[in-house]
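A.B. asks: sequence? don't have it. structure:
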């Protein structure tokens, strides 16, 4: 069995998949932590599904899908951030409408693009095994950019995440930092969609981070632990997909959910024993 898995490393697309889980884990660990701390789960869900509209635009007009999806998602992210900041009490309603609009636009444009709809299932559920070398470099590049931004602006991001009023008294431009966080989430969603899919990316942004939040007392510790959990879940999910010939993206999410359930059971056992 070990020889079989070692032989898989000689296959280029499997090597790309294994390499991709490192930057994906870092991106999702960082942004997942910021999503939970800033209570942006609904925003992340809206961006995830709205990106489908960008895919539809790219297919219908014959544009590069990555470019159209990224442009559309960044525009939607900017709009969501604006609505949250200027219409806070009604922002959930606006985001829900944008969420539905993005999905509807994508479906209509794909239906109008004869003969291409069948391939779109990959963007919903993903397949990390079809990542090209170009996709791999893009994922690495974005993860390094997000990591660099987080390190440089970490004091400001941390202050905003825990106490916005305090951050403002320290002269931090909270609105700019907030826009930056939302735009990074949108970029992560688009770059990751081919690896794990638009529907499944939300699991990598939420499940490991929820576990890490319970086990960490600081934002920095939460980010590190969430990234490590993502790495473990992705690696085990890939092994599962190789062993049973299953969808890689779905396997990663199943492993993540299993890990989440295992964590909840362990937590209850230790609480009862204590």
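C.D. replies: Alright, I've got the coordinates. Since this is a predicted model, take the numbers as computed values, not measurements.

A.B. asks: Any regions of the stretch 151-274 of the chain where pLDDT drops low?
C.D. replies: Under the criterion pLDDT under 70, the flagged ranges of the stretch 151-274 of the chain are 274.

A.B. asks: can you map out the helices along it?
C.D. replies: Using DSSP state H, counting those that start in this stretch, the helices of the stretch 151-274 of the chain run over 154-162, 164-169, 174-196, 201-215, 219-244, 248-273.

A.B. asks: which one of those helices lies closest to residue 51?
C.D. replies: helix 174-196 (5.6 Å; CB to CB). Where C-beta positions appear, they are placed from N, C-alpha and C, glycine not excepted.

A.B. asks: Run the chain-centre distance for the closest one.
C.D. replies: Here helix 174-196 is found 8 Å from its chain centre; the criterion is CA atoms, centre = their mean, to the nearest Å.

A.B. asks: ok so, going back, out of the helices of the stretch 151-274 of the chain, the one nearest residue 86 is which?
C.D. replies: Ranking the helices of the stretch 151-274 of the chain by distance to residue 86, with CB to CB as the measure, places helix 174-196 first at 9.9 Å.

A.B. asks: If you count neighbours, what's buried in that closest one?
C.D. replies: By neighbour count with 16 or more other CB atoms under 10 Å, helix 174-196 contains the buried residues 174, 177-196.

A.B. asks: circling back: could you dump the helices of the stretch 151-274 of the chain to a markdown table with distance to residue 21?
C.D. replies: Shown next, in a markdown table, are these (distance: least, CB to CB, whole Å):
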| stretch | distance to residue 21 |
| --- | --- |
| helix 154-162 | 24 |
| helix 164-169 | 34 |
| helix 174-196 | 8 |
| helix 201-215 | 10 |
| helix 219-244 | 4 |
| helix 248-273 | 8 |
